[in-house]
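Asker: Build me a structure from this.
(chains A and B)
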Protein chains: 2
Amino acid sequence: MDTSGYGNDNYESLHNAASDDELVDIIAGATLDFSITDDVPPLDPEYSLGHDAYTNGKTGNTKLMDLLDEPVPGVGTYEDFNTIDWVREKSKDRDRHREITSKSKLSTPALLESISDAFSGWLLMLLIGLWSGALAGGIDILAHWLTDLKEGLCLSGFWYDHEHCCWGSNETTFQERDKCPEWQSWAELLGGSSVGASAYIVDYLMFIIWALLFAFLAVILVRAFAPYACGSGIPEIKTILSGFIIRGYLGKWTLIIKTVTLVLAVSSGLSLGKEGPLVHVACCCANILCHLFTKYRKNEAKRREVLSAAAAVGVSVAFGAPIGGVLFSLEEVSYYFPLKTLWRSFFAALVAAFTLRSINPFGNSRLVLFYVEFHTPWHMVELVPFVLLGIFGGLWGAIFIRANIAWCRRRKNTCLGRYPVLEVLVVTGATALLSFPNSYTRMSGSELISELFNDCSLLDSSQLCGYISSPDNRSDSGLLSATSDRPLGPTAYSNTIPDRPAGPDVYTALWQLALALVFKMLITVVTFGMKVPSGLFIPSMAVGAIAGRLLGVGMEQLALNHHDSAIFKSWCSPGADCITPGLYAMVGAAACLGGVTRMTISLVVIMFELTGGLEYIVPLMAATMTSKWVADAFGREGIYEAHIRLNGYPFLEPKEEYGSKALAQDVMRPRRSDPPLAVLTQEGMSVGEVEAMVADTDYSGFPVVVCQESQRLVGFILRRDLVISLENARQRQEGVVSASLVFFTDHVPAQPTSGPPAVKLRGILDLSPFTVTDHTPMEITVDIFRKLGLRQSLVTHNGRLLGIITKKDVLKHMAQMANRDPDSILFN
Amino acid sequence: MDTSGYGNDNYESLHNAASDDELVDIIAGATLDFSITDDVPPLDPEYSLGHDAYTNGKTGNTKLMDLLDEPVPGVGTYEDFNTIDWVREKSKDRDRHREITSKSKLSTPALLESISDAFSGWLLMLLIGLWSGALAGGIDILAHWLTDLKEGLCLSGFWYDHEHCCWGSNETTFQERDKCPEWQSWAELLGGSSVGASAYIVDYLMFIIWALLFAFLAVILVRAFAPYACGSGIPEIKTILSGFIIRGYLGKWTLIIKTVTLVLAVSSGLSLGKEGPLVHVACCCANILCHLFTKYRKNEAKRREVLSAAAAVGVSVAFGAPIGGVLFSLEEVSYYFPLKTLWRSFFAALVAAFTLRSINPFGNSRLVLFYVEFHTPWHMVELVPFVLLGIFGGLWGAIFIRANIAWCRRRKNTCLGRYPVLEVLVVTGATALLSFPNSYTRMSGSELISELFNDCSLLDSSQLCGYISSPDNRSDSGLLSATSDRPLGPTAYSNTIPDRPAGPDVYTALWQLALALVFKMLITVVTFGMKVPSGLFIPSMAVGAIAGRLLGVGMEQLALNHHDSAIFKSWCSPGADCITPGLYAMVGAAACLGGVTRMTISLVVIMFELTGGLEYIVPLMAATMTSKWVADAFGREGIYEAHIRLNGYPFLEPKEEYGSKALAQDVMRPRRSDPPLAVLTQEGMSVGEVEAMVADTDYSGFPVVVCQESQRLVGFILRRDLVISLENARQRQEGVVSASLVFFTDHVPAQPTSGPPAVKLRGILDLSPFTVTDHTPMEITVDIFRKLGLRQSLVTHNGRLLGIITKKDVLKHMAQMANRDPDSILFN
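Answerer: Alright, predicted model coming up:
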């Protein structure tokens, strides 16, 4: 089994070792020790042989060679639930690169290898784009079909969804495009009738039964095969990208199960979206494809560059927004994002978007269902309602985060968490029960958003467009057949139509929307965080879009009835198309999404790519800015950061402002009351003494000093490397016993023939440990940790070693500063 | 005079002190010493008083107070041509922020101040956007008018340009839109006739005279009032953003002169654009506006955040591409670019774009002249010519950089550099002489690009659209009057027109374009780098657009004549519009610009914002990628990096891969043969000894150690701070003489009443200097310098101080690695 990467799939061993609930405990428990390894790493033959290419074929004659000359297998790799050392990983990659470059000048095959190495990154991006795009297309098509299956079946072929089923029908006119004889509702199929109370009840029951079935399948699959497949995945991916290792989180089982269960969860009608999980799916693809290329398989830092790009791909296919996806990855997800990665991410995002488009899951040559084109400009006065939407979005975001986190904490701490299947079934049942009667909740989230964004054209049959037309523009609306226009998208023929008074249909729709708003707001709080794949983008946008549309229609009627008041007189003459309610819906969606996730530029760019008009950026920007300010006033954490903190992942937030005046000496260990720091001396300690020190302590590494008196620092050695090397020396080097001396020095003194042979360990000693002085302000120390991606830093005073600060210490200290209990909250 | 910022305008003092050529020497000389100050800083009363708000009103009773308790004025500021310490600046800002936050809880005014402080960043962005947008609009309008002035004058008002002059005319039809009686060429005005050889000669002469006049004015204004206003400005802004200080480079005189001379230089017909200088202009605006806000005036790091945003604004108004501008700033210009800045930059870029649009300089409600909308899709086969264009762009970029750098070096090193005015006049004369006969070189760069990007419509009267039409679509082209359509832009009515055979007009145009290509390629090499404001974007794009259009027309005719060959058969039936030559022009422009500047994602996004269609990103991306690969094969430096190196600016390129295996001990000073490092001891040195050491050496700072024997490091003190503090102590503290002891320790021993009073300097000692060990690989050291923005790092071995590495040492070492002479090339 390959153990060099965190992403290879060790689901099986995990699953055999522990039940699902224990698994969660494993994660939680191991998270506690992200900088401390409790157990001695395994050194079974399978582990120490084989998985490192550069040791292959050499292990046979190890005993004859000096230990210094050969890397010990296992040295330089990481345990599960550990933090990687970015500096070391990047150095390793530079060494590899240097070696290939220097070799390439010698022979043609080496030159070719060098070129293929240089282009392997691009090839990888191409493959990720193709695969993710194809998967996203498949998910869209399947989810569509399953969602429609809840309502009925196509007689001309059960594999058609409602829309495709009716495309084949000849009788379809625009008004009747959703009704064709081939498509039969369950009431028609089972009871033979499509009207009446009994038919309604049959449909209702079938709707609930299908929803429960889908949800049950989803939660059972997740629990049985890939516990990591639940949730949105973005908090975990952020943590992984910041340098944490969670083996199997991006493995092939997770990919398969997440893809399947995502389709099921979306189809079940739960208030969740597929955008977050698509990021996870794309990252799984990327991680699996990384195994094809040595460069990325072997290096945790390089692999994280690829994963950053994959996050961009996920958003690109979710929203059809390649630029927005890249900015999302930059702003929201990534930790280490060099410019080279930016360019490659863009390439991958573009490939994925075009793959998805060639699959054409929505049959409209658009990447998403809710692409819109607005035609009428907006007016400066409208900034007032836009800012109001921003305030609504910010408030909703702040409230949602608090409520959701409180609910998730309750799930963690009470017996609720013990019955995840039941929870999912209850929530699904409630959702289905409450959403069926209201057509706006019955439809899927994307369809709802698409309908709300839509600018009413004359031919629109939707309830929301039930305006009272004036006679002259009503005349020909019934004559036109729109079948041929269908692929152009719902808004293709909506040009300047004057504002009209709302008819009774519109008022009915408004009531239904208001109810839908309350329902969505409540149900999303309990849905997000359940043990099924669940994205938050679509539900958040749906809430905002409903609120925006309500406000938009209100503004429209206000302008219509008061067009000679001071506010409207200057720009809204009667008979003009002043207000676009669809734009309000879009602004509201952006505001709510911004409030929940605290995205800024990426959100605006995603929305810009949905509308395609530079003109509508200003309203979006106004609402997003307001929303962020309002939400930040209640707490600076977005939903993903809140979930990271809830789960206690060791994530050093790069955006958070750190405002403490503490110094390094206040944070470092040992504290004043603690025993002194466990240090090794560079010479004079025996193997037995070193092993005793390792056994007595649980530190992840030890500083090496010149001598105990001077405490002058020589270097730093990692516990894992030390243990492996000592075991290795005992096994392979003849005569090494507990009394053998350990030397970290450059030159080992000539050995007395009588004593046991010495063990030379300078090779695994890090001679360039990072140090800060005891007077360094913590804000600078935190900055260094963030920017360089350190695991630990040593603290000196006037040249003497004083202590050590690990990333865990930094995180604990920051938790303390924020008045959170460092132990119970951060590492539960 | 305010001396705390580099951007305040000390033009006058500079100008009085030195002639312009000496100025250049000052810059060059000072650049040598970017980490070393040769002269003791001035300590005149004006300097030491007043400019630091926190010392105001306290200076009167200084003598009574302990020196430790009060910051000495001047400490913590920078000399001109010095590198800032990012860590210190960011700490300062955090302290300020902390103070405001803690105060805000006490009283309402303080709370209001805290809120206004938080929003001052946004206000500043708004102001920058408004001002820059307005300036850009003014520049566009003026440049248009002056360019047209070279050809003639409007009788109905001399302030109208050609286009606006003829808008008022009643007789204008589409074919004759450029000819109206109100607009008179110089031949008509002076000679009375518009035809014949003599009229041509009069026009020709007037064209050259006006060009020479404009160019002369531009170069004289630059030399007389603001020598920093010449060139593109982007290399210098990159250097400033990386932490270097060039006072006056972003001052008000530079702004005024650069704006005026930019208009003149563009109008003179030289092969230069206004995009780079617009970035400089926006940065000047930002820097001047920074003076309104204490937060930004006082802090060099915060100011650089604002300047990064201003760079985005510059590109936003130059190309009407706010997102592209932000990415340009991120990718190409900025050094320290936190996410908060990304969001603010976007806001500023958007405000600027909308300000420019409300000015509407081109009368088409677009932000740029060369906005296009294509309507026909492209085919996969066309990727072959697109990649060919990429190869051309890459080759041209590599050749251009080499040729231009060689020419600029010749200018620097030979007598050519002594006659900048003559040089400008000669080049302008040659440009005007050669460009007048060819209509494609006579028009301005933007107009040329606009014409080349343009997809031929039926009604297009341009030579390039002189296709032989089939009778049926020719019929009505003469009847339509296009006057009313004009504001919609040239491509508004170009829908699917089948490919047609080229007529004689097209062949003439192709010949002229081929000549224009050669001319532009040659003249741009000598133009870029002259002593007038000059941007490189437009000339590079023009070269690429010409090449692209030539290839595009070629492909079109090939497809037309061989539409049943294997290549075209499957996708290009006769009578279809298969090939869009305008798209080829755009792809070529992107390829050439990419080859010269090595921009990647920002370039593609800018081009995407020009076309507005996601569909055309793929050709752009293919060409840009190819172009970058080809150009990188000849040398990894873009034109801006090459100019930075040519001028010897201390810029630590964040993108460059550093591949050396050297260790810190190989780079640090003192080298093995040098005298030992000059260090101060924390106690026991007298004022006289310290002053002697300062006088004997030219280091920019001194490490402080416990004692000479142990060499254990205590801290680091900057030369400037030390000198100022000692002078201050001698002047203000009673009884301080040369024999007074200097203490850097925390506790000063009780003073003997007999001896002179001690000077306590712990307050200015940096107790958290950065250290690396002697075994730290240079690649890691370089990474630390880049990421943390260090000025220097101390080097230790086993806890003992061994040496020091400054940013200059790092740069010298990197130059050496690249086989460049570190002294003559890097710091000439």
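
Asker: I'd like the distance between the residue nearest the centre of chain A and chain B.
Answerer: Here the mean C-alpha position of chain A is nearest to the C-alpha of residue A:234 (C-alpha atoms, centre = their mean), at a distance of 1.9 Å. Shown here: residue A:234 relative to chain B, a distance of 16 Å by C-beta to the nearest C-beta, to the nearest Å. From N, CA and C alone the C-beta is placed, and that goes for glycine too.

Asker: how about the residue in the stretch 551-700 of chain A positioned nearest to chain B, what does it touch?
Answerer: Across the stretch 551-700 of chain A, no residue is closer to chain B than residue A:600, which sits at 4.2 Å (C-beta to the nearest C-beta). Contacts here follow C-beta atoms under 8 Å, 6 or more residues apart in numbering or on different chains; on that basis residue A:600 touches A:331, A:594, A:624-625, A:628, B:339, B:342-343, B:346.

Asker: With residue A:792 instead?
Answerer: With contacts defined as C-beta under 8 Å, 6+ apart, the neighbours of residue A:792 are A:35, A:700-701, A:716, A:770, A:804-807.

Asker: same deal with residue A:771?
Answerer: Contact criterion C-beta under 8 Å, 6+ apart gives A:713, A:793-796, B:771, B:773, B:796 as the residues in contact with residue A:771.

Asker: What count of nearby residues applies to the closest residue to it other than its chain neighbours?
Answerer: Leaving aside its sequence neighbours, residue A:771 sits nearest to residue A:794 (C-beta to C-beta, 6 or more residues apart in numbering or on different chains; 4.7 Å). Residue A:794 is flanked by 20 other residues according to other C-beta atoms under 10 Å in any protein chain shown.

Asker: now residue A:184
Answerer: Residue A:184 has 18 neighbouring residues, counting by other C-beta under 10 Å.

Asker: strands paired with the strand or helix carrying it, and their directions?
Answerer: Element membership of residue A:184, judged by DSSP states H and E, is strand A:183-185. The partner list of strand A:183-185 in its sheet, established with DSSP bridges, is strand A:152-154 (antiparallel).

Asker: which helices and strands does the helix or strand hosting residue A:316 pack with?
Answerer: For residue A:316, the element it lies in under DSSP H and E is helix A:300-319. If you count contacts as 3 or more C-beta pairs under 8 Å, 6 or more residues apart in numbering or on different chains; DSSP states H and E, helix A:300-319 packs onto helix A:86-104, helix A:108-149, helix A:234-241, helix A:275-290, helix A:294-297, helix A:322-328, helix A:339-359, helix A:601-611.

Asker: Now do whatever helix or strand comes next after the last one and helix A:601-611, the angle between them.
Answerer: Meaning helix A:601-611. The first helix or strand that comes after helix A:601-611 along the chain, using DSSP H and E, is helix A:617-633. Angle between the axes of helix A:617-633 and helix A:601-611 is 150 degrees (criterion: axes from the mean of the first three to the mean of the last three C-alpha atoms, to 10 degrees).

Asker: Which strands or helices does helix A:617-633 pack on?
Answerer: Packing contacts for helix A:617-633, counted by 3+ C-beta pairs under 8 Å, 6+ apart, involve helix A:383-413, helix A:581-597, helix A:601-611, helix B:339-359.

Asker: tell me the pLDDT at residue A:508?
Answerer: On pLDDT, residue A:508 comes in at 89.

Asker: what residues does the stretch 701-828 of chain A put near chain B?
Answerer: A:706, A:710-715, A:767-769, A:771-773, A:775-777, A:779-780, A:783-784, A:787-788, A:796, A:798-801 (C-beta under 8 Å from any C-beta of the partner chain).

Asker: 6 Å instead, please
Answerer: Applying C-beta under 6 Å from any C-beta of the partner chain, one finds that the stretch 701-828 of chain A approaches chain B through A:706, A:712-714, A:767-768, A:771, A:773, A:775-776, A:779-780, A:787, A:798-799.

Asker: ok so, going back, so which of the contacts of residue A:792 are in helices?
Answerer: residue A:807 (DSSP state H).

Asker: Top of the contacts of residue A:792 by number of neighbours, please.
Answerer: Within the contacts of residue A:792, neighbour counts (other C-beta under 10 Å) peak at residue A:805, which reaches 26 neighbours.

Asker: rewinding a little: can you lay out the contacts of residue A:771 as TSV showing pLDDT, distance to residue B:720 and secondary structure?
Answerer: As requested, the contacts of residue A:771 are exported to TSV (pLDDT from 0 to 100; distance: C-beta to C-beta, whole Å; DSSP: H, G, I helix; E, B strand; the rest coil):
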residue	pLDDT	distance to residue B:720	secondary structure
A:713	89	31	strand
A:793	91	29	strand
A:794	92	31	strand
A:795	92	29	strand
A:796	90	26	strand
B:771	90	21	strand
B:773	90	28	strand
B:796	90	24	strand
